[in-house]
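Asks: Here is my input, please return the structure:
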Amino acid sequence: MVLTLVRPVGHQCRTVSFASTLYLEPILEDILLEVPQLWQPHLKLGLQEALVNAVKHGNGLDPAKSIIVEYSVLANTYWWSITDEGNPPPNSAHQSCSLSDTIDHQAECGRGFYILRRLFDEVHWHLETNCLTLCKYIDELQIPLIY
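Replies: Here you go, the predicted model:
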């Protein structure tokens with residue numbers, strides 16, 4: 001079940017809440033709707049990575065738990081906040097997985113954050129609230145680069 005709420009907060013902000021499953025295509029379509037067409041495949045990769053991580057690692061693939069995505073557009077700035085109901089990782093695991101700007105191909109974690117940091121301009125993990133915030137600044141004339 002997908003629930004979409006409109007929240008006026010000075011600019012358009014929407015919220016989508018869905019059961020913690022890997023059936024993400026309709027969610028991705030909805031949260032990318034206002035992104036310029038040229039940028040959608042680029043950002044879909046990152047948002048899919050973030051949602052899969054929330055479902056698998058945050059909620060443990062438990063369909064009784066929910067994922068909440070808040071998203072908004074202000075001028076050419078696109079924001080997504082993804083919150084799961086899982087338990088935050090221990091501080092040591094959080095630091096080694098999320099703060100690195102390099103990739104360790106042998107590591108059990110961290111590849112997702114590496115991908116997100118390459119695709120988005122801002123990536124913030126809020127440990128206390130289990131919320132990942134992503135931001136992309138898009139110039140309509142700019143062409144996405146493939147990394």
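Asks: where does stretch 124-143 sit relative to the chain's centre, distance-wise?
Replies: Computed by C-alpha atoms, centre = their mean, to the nearest Å, the chain-centroid distance of stretch 124-143 equals 7 Å.
Asks: whoops, I mixed them up, stretch 60-69
Replies: 14 Å.
Asks: That stretch: which residues count as buried?
Replies: Residues of stretch 60-69 classed as buried: 65-69 (neighbour count, 16 or more other C-beta atoms under 10 Å). Heads up, the C-betas are built off the backbone N, CA and C, glycines and all.
Asks: can you tell me how far Trp125 sits from Lys65?
Replies: To Lys65, Trp125 is 18 Å away according to C-beta to C-beta, to the nearest Å.
Asks: Ile31 now?
Replies: Taking C-beta to C-beta, one finds Ile31 at 19 Å from Lys65.
Asks: my guess is Gly86 contacts His57, does it?
Replies: Yes - in this structure, Gly86 is within contact of His57 by C-beta atoms under 8 Å, at 6.9 Å.
Asks: Which one's more surrounded, the two?
Replies: Ranked by neighbour count (other C-beta atoms under 10 Å), Gly86 and His57 place Gly86 first, with 19 against 15.
Asks: Not counting its neighbours along the chain, what's nearest that one?
Replies: In space, and not counting its chain neighbours, Gly86 is closest to Gly58: 3.5 Å by C-beta to C-beta, 6 or more residues apart in numbering.
Asks: Can you report how many residues lie near the one you found?
Replies: When neighbours are counted by other C-beta under 10 Å, Gly58 registers 24.
Asks: Who are the contact partners of it?
Replies: Applying C-beta atoms under 8 Å, 6 or more residues apart in numbering, we find Gly58 in contact with 20, 67, 84-86, 130.
Asks: do Gln48 as well
Replies: Neighbouring residues of Gln48 by C-beta under 8 Å, 6+ apart: 24, 28.
Asks: And the helices in this protein?
Replies: Under the criterion DSSP state H, helices of the chain are mapped to 25-31, 40-53, 91-98, 111-119.
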